[in-house]
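*Asks:* Have a look at this fold, sequence not included:
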């Protein structure tokens, strides 16, 4: 496995509130980050975003499944174990997803990060007043 990717994944699993300095070991200043909810440009904006994300997160860990590295590009599949104050009644749940990374040529830092996951599974189904309705609608499709 590529040493750059292993370092990145190790740092990513260490992220938590108060440890946002790790992002400087992972991303370029001009990082382009996208997930189903946000599109972010620049390390300072990404740091603010992760700061907000981890504010109400009690625990977050990733189990990396498939890894494919070709040149400076990586594709990963994963399962995220998340415990969040406002989701799933504060109980841990698991969310599957995938990530596409691009490392800057000649660098150990990631310049592009895009996550793919089901937003409904992450948020809407985990809110007590909304979850049952969302699950019912999905079952009807």
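*Replies:* Thanks, I have the structure now. Treat the numbers as computed from the prediction; the structure is a model and nothing was measured.
*Asks:* Quick check: which element contains residue 47?
*Replies:* helix 43-55 (DSSP states H and E).
*Asks:* Show me what counts as buried in that helix.
*Replies:* 43, 46, 47, 49, 50, 54 (16 or more other CB atoms under 10 Å). Placement of C-beta: from N, CA and C, glycine included.
*Asks:* What average pLDDT does the longest strand along the chain get?
*Replies:* Secondary structure of the chain per DSSP state E: the longest strand is strand 57-70. Mean pLDDT, computed over strand 57-70, is 93.
*Asks:* Mind listing what's buried along the one helix or strand residue 12 maps to?
*Replies:* For residue 12, the element it lies in under DSSP H and E is helix 3-14. Using 16+ other CB under 10 Å as the test for burial, helix 3-14 gives 4, 5, 8, 9, 11, 12.
*Asks:* Can you pull up the most central residue in the chain?
*Replies:* residue 115 (6.3 Å; CA atoms, centre = their mean).
*Asks:* The helix or strand following the longest strand of the chain: which residues count as buried?
*Replies:* With elements assigned by DSSP H and E, the helix or strand that comes after strand 57-70 is strand 73-84. Buried residues in strand 73-84, counting neighbours by 16+ other CB under 10 Å, are found at 74, 76, 78, 80, 82, 84.
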